[in-house]
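1. I need the structure of the sequence given here:
(one chain, ligands or ions: 1)
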Amino acid sequence: MPHDINEQLDRAAAILKRAKKVAVLTGAGISAESGLATFRGAGGLWEGHRVEEVATPRAFARDPALVWRFYNLRRVNLAAVHPNPGHFALVELEQRLGDGAFTLITQNVDGLHHAAGSRRVLEIHGSIRRVRCSGCDAIEERGIEALPELPRCGKCHALLRPDVVWFEEMLPQDIWLQAEEAAQTCDCLLVVGTSAVVYPAAGLVESARINGAQIIEVNLTPTPASRGADVVLLGQAGTILPDLMRRLT
Ligand code: BV8
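-> The predicted model follows:
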């Protein structure tokens with residue numbers, strides 16, 4: 001089927017205009033135009049490891065220095081990174097809808113939605129701007145300051161770890177329950193820049209759909225979420241989302 005982007009954008013705008021409650025699910029693709037590498041596909045490898053190999057509790061137990069090198073590099077990179085028009089378009093969408101009608105669920109750990117000004121943000125995979133003690137579980141905001149290769153807890157001296165959700169770990173339950181609720185009660189779920197392969201996050205799309213939400217997807221390429229989507233907008237989030245916002249006025 002030919003992909004007439006203007007027609008698809010108009011269809012998506014019509015869905016968003018009708019929706020009383022909107023949820024958004026974002027992934028690494030929305031930060032790509034800010035200069036952050038995505039996880040899968042070209043450039044998605046780090047020191048010959050896939051993210052699924054570095055971001056696990058087993059990897060941290062085996063070689064914490066390797067894991068910290070991966071996260072320290074990403075933390076340091078954030079100093080030169082700023083939100084892009086895709087992030088700002090979602091701030092605009094939140095402002096249009098108002099409190100109680102908008103939830104932004106992100107798999108990203110970069111903090112760029114907050115930096116852009118989004119308010120109702122659920123970081124379901126945590127944040128690399130925080131550290132958590134692997135011994136006493138104390139959580140500390142550390143921004144993007146450089147950390148030693150093996151940082152230790154000031155209270156109990158156990159190793160600190162990034163406060164993110166690794167593979168094979170449970171998501172933070174309170175945040176996850178809010179994300180599920182938002183997906184199950186929205187009229188429209190906007191799915192942006194995610195390969196939609198990491199669960200349970202990817203399951204939110206199906207969950208929204210079976211509860212009657214319309215699905216709009218924004219991505220460079222089709223994903224497993226495209227099959228059940230009402231509108232698939234193929235292109236860069238930093239171009240598509242601002243265009244979509246202009247069509248809401
Ligand atoms: C759990 C966080 C219960 C920190 C990340 C089989 C065996 C074992 C486990 C499983 C299994 N099957 C499923 C599982 C569960 C597993 C999973 O889903 N695995 C998959 C990969 C098979 N999930 C878990 O383990 C989760 N926990 O299930 O708990 C449990 C308990 C014990 C044992 C088993 C289960 C926890 C998952 C959390 C993973 N955390 N990292 C960090 O960032 O370092 S994963 C990582 O992937 C990212 O953080 C991100 O959050 C997530 C999703 O990736 P995306 O954001 O989608 O990024 P990706 O690169 O893939 O895609 C980018 C997309 O953007 C592309 O589509 C591209 O086309 C597009 N794009 C690019 N540029 C643009 C663009 N689009 C628009 N505009 C652009 N400019």
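2. Can you get me a residue count around residue 62?
-> 10 (other C-beta atoms under 10 Å). Every residue, glycine included, has its C-beta placed from N, CA and C.
3. Which strands or helices does the longest strand belonging to the chain pack on?
-> Criterion DSSP state E: the longest strand present in the chain is strand 126-133. Other helices and strands packing on strand 126-133, by 3 or more C-beta pairs under 8 Å, 6 or more residues apart in numbering; DSSP states H and E, are helix 64-77, strand 139-141, strand 160-164.
4. Next secondary structure after the helix or strand of the chain with the lowest mean pLDDT?
-> Within the chain, judged by mean pLDDT, DSSP states H and E, the helix or strand with the poorest mean is helix 51-54; its value is a mean of 84. Sequence-wise, the next helix or strand downstream of helix 51-54 (DSSP states H and E) is helix 57-62.
5. Go through that next one and flag the buried ones.
-> If you call a residue buried by 16 or more other C-beta atoms under 10 Å, then helix 57-62 has these buried ones: 59-60.
6. before we move on, back to that, quick one: which of the helices and strands packed on strand 126-133 is nearest residue 130?
-> Judged by C-beta to C-beta, the one of these that comes nearest to residue 130 is strand 160-164, at 3.7 Å.
7. Those residues of the chain touching the ligand, which are they?
-> 27-29, 32-33, 38-40, 44, 51-52, 55, 107, 109, 125, 164-170, 193-195, 197-200, 218-221, 223, 236-237 (C-beta under 6 Å from any ligand atom).
8. again, only this time at 5 Å
-> Residues of the chain lying near the ligand by C-beta under 5 Å from any ligand atom: 27-29, 32-33, 38-40, 55, 107, 109, 125, 164-165, 167-168, 193-195, 198-199, 219-221, 236-237.
9. Could you pull up the residues touching residue 75?
-> By C-beta atoms under 8 Å, 6 or more residues apart in numbering, the contact list for residue 75 reads 128-129, 144-147.
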